[in-house]
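*Asks:* Mind looking at a prediction? Sequence and model below.
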Amino acid sequence: MKIIYMGTPDFSVGPLEALIKAGHEISLVVCQPDRPKGRSKEPAPCPVKECAIAHGLEVFQPERIKRPEAVEVLKKYPADVFVVAAFGQILSKEILDMPEYGCLNIHASLLPAYRGASPIQYAVINGDKESGVTIMQMDEGIDTGDILSQRSVEIDKEETGGSLFDKLSVIGSQLIVETLDQLEKGALTPVKQDGSKSSHVGMLRKEDGLINWLRSAEEIERLIRGTDPWPGAYTYFRAKVLKIWKAEVAGGSVGENKAKAAPGYITCVDKDNFYISCGEGVLKIKELQAEGKKRMSCADYLRGIKLETGEHLG
């Protein structure tokens, strides 16, 4: 099939490469404009643009895809279908109606759950047992179109936002190729979403990683995993930012100390770890990053700093 592919981040690279490998003709790749990156703040290409250039594909980077001049550019390229994966802009009805088979979206959740921008992270943060990928026929709503295919995956108890991101990118790559094959054969039966079961998640912001020690240890541990690698879960200690990259809910006698300290206080320090009281339970810190330092194990951190029971974080 002739395809116009729209995507921007790492998640979108795998599906593009899978479509190329499957023999589909990518007539145009559409992605977000180059944005400032790193300390230099120099404009840098997104991962999809880098992939497209490596394959010798033509790239289009509109500031607003719905503008008339951008729509006119799309009309110049032959396409049986548009495939969209984390593109980052909303398509107009005019664009949705362009190709014969419409526009297909690779969405990283089991719709109608987690419509919106951050389904992967919130599946971990909320403690879901499974996630997955949905191939959806796009309409004018946000992730409200008919479901064409789905595939689920179990969320591991140590899953991070990053590891689930990687898993779902692989699944999405496989599923879009299979779905396009079935679409071309006329073998798909679209299924309408049950709006009564829908949920919506917005774009994660840096401040969403701020730890509220009044929450339970289980909730905070999931926040730490869900916001890894971005924005990262963080707190404040001795007036500086302290990122927490890995932790676990403490059990046994240490866990029982929760009644002896208010939330956010260090309840115990040993050779390799320290423990923080939460609104419910105690969190054992295993990996962290002090402001201006590299990510390290808690044991390495404790070799360079003296912590006292009763000190406060937050």
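*Replies:* Perfect, I can see it now.
*Asks:* Can you get me a residue count around the closest residue to Gly161 other than its chain neighbours?
*Replies:* Of all residues not flanking Gly161 in the chain, Gln121 sits nearest, at 4.3 Å (C-beta to C-beta, 6 or more residues apart in numbering). Placement of C-beta: from N, CA and C, glycine included. Using other C-beta atoms under 10 Å, Gln121 is surrounded by 26 other residues.
*Asks:* Check which helices and strands the helix or strand containing Gln121 sits against.
*Replies:* Using DSSP states H and E, Gln121 maps to helix 119-125. The helices and strands touching helix 119-125, judged by 3 or more C-beta pairs under 8 Å, 6 or more residues apart in numbering; DSSP states H and E, are strand 130-137, helix 161-185, strand 200-201, helix 217-226.
*Asks:* Could you pull up the mean pLDDT of that helix?
*Replies:* For helix 119-125, mean pLDDT rounds to 98.
*Asks:* which residues are in contact with it?
*Replies:* 107-109, 113-114, 131, 155, 159-161, 164-165, 168, 201, 204, 222-223, 225-227 (C-beta atoms under 8 Å, 6 or more residues apart in numbering).
*Asks:* same deal with stretch 302-310?
*Replies:* Residues outside stretch 302-310 that contact it (C-beta under 8 Å, 6+ apart): 261, 265-269, 271-274, 290.
*Asks:* ok, of those, which come out buried?
*Replies:* 261, 265-269, 273-274, 290 (16 or more other C-beta atoms under 10 Å).
*Asks:* Torsion angles phi and psi at Lys41?
*Replies:* Note on Lys41: backbone dihedrals following degrees, to the nearest 10 are phi 60, psi 20.
*Asks:* what number of residues lie near it?
*Replies:* Lys41 has 9 neighbours, counted by other C-beta under 10 Å.
*Asks:* re earlier: would you mark the buried spots in the helix holding Gln121?
*Replies:* 119-125.
*Asks:* what's the answer for stretch 213-233, then?
*Replies:* 213, 215-217, 219-228, 231-233.
*Asks:* And the residue nearest the centre of the chain?
*Replies:* Nearest residue to the geometric centre of the chain (C-alpha atoms, centre = their mean): Ile120, 4.4 Å.
*Asks:* Distance check, that one against Leu183.
*Replies:* Distance from Ile120 to Leu183, counting by C-beta to C-beta, to the nearest Å: 25 Å.
*Asks:* Val177 too?
*Replies:* Counting by C-beta to C-beta, the gap from Val177 to Leu183 is 11 Å.
*Asks:* Looking at the two, which is more packed in?
*Replies:* Leu183 (20 against 16).
*Asks:* For the more buried one, give me its contacts.
*Replies:* By C-beta under 8 Å, 6+ apart, the contact set of Leu183 is 81, 101, 104, 148.
*Asks:* What strand or helix carries the last one?
*Replies:* Right, the one you point to is Leu148. Going by DSSP H and E, Leu148 is in strand 147-154.
*Asks:* In that strand, which residues are buried?
*Replies:* Neighbour-count burial for strand 147-154, with 16+ other C-beta under 10 Å as criterion, is recorded at 147-151, 153.
*Asks:* And the helices in this structure, which stretches?
*Replies:* In the chain, the helices defined using DSSP state H lie at 13-21, 47-54, 68-75, 93-96, 119-125, 161-185, 217-226, 252-255, 298-303.
*Asks:* If you average pLDDT over each of those helices, which is lowest?
*Replies:* Note on those: lowest mean pLDDT is at helix 252-255, with a mean of 64.
*Asks:* Reformat the contacts of Leu183 as a markdown table; add pLDDT.
*Replies:* Formatted as a markdown table, these follow (pLDDT from 0 to 100):
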| residue | pLDDT |
| --- | --- |
| Val81 | 98 |
| Tyr101 | 97 |
| Leu104 | 98 |
| Leu148 | 98 |
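*Asks:* Identify, from the residues you listed, the entry nearest to Ser173.
*Replies:* Leu104 (13.4 Å; C-beta to C-beta).
*Asks:* Now that closest one: closest residue in space that isn't a chain neighbour?
*Replies:* In space, and not counting its chain neighbours, Leu104 is closest to Val83: 5.3 Å by C-beta to C-beta, 6+ apart.
*Asks:* Repeat that for Glu140.
*Replies:* Lys93 (5.5 Å).
*Asks:* Kindly report the domain assignment for the protein.
*Replies:* Structural domains assigned to the chain are 2-201, 206-303, following automatic domain parsing.
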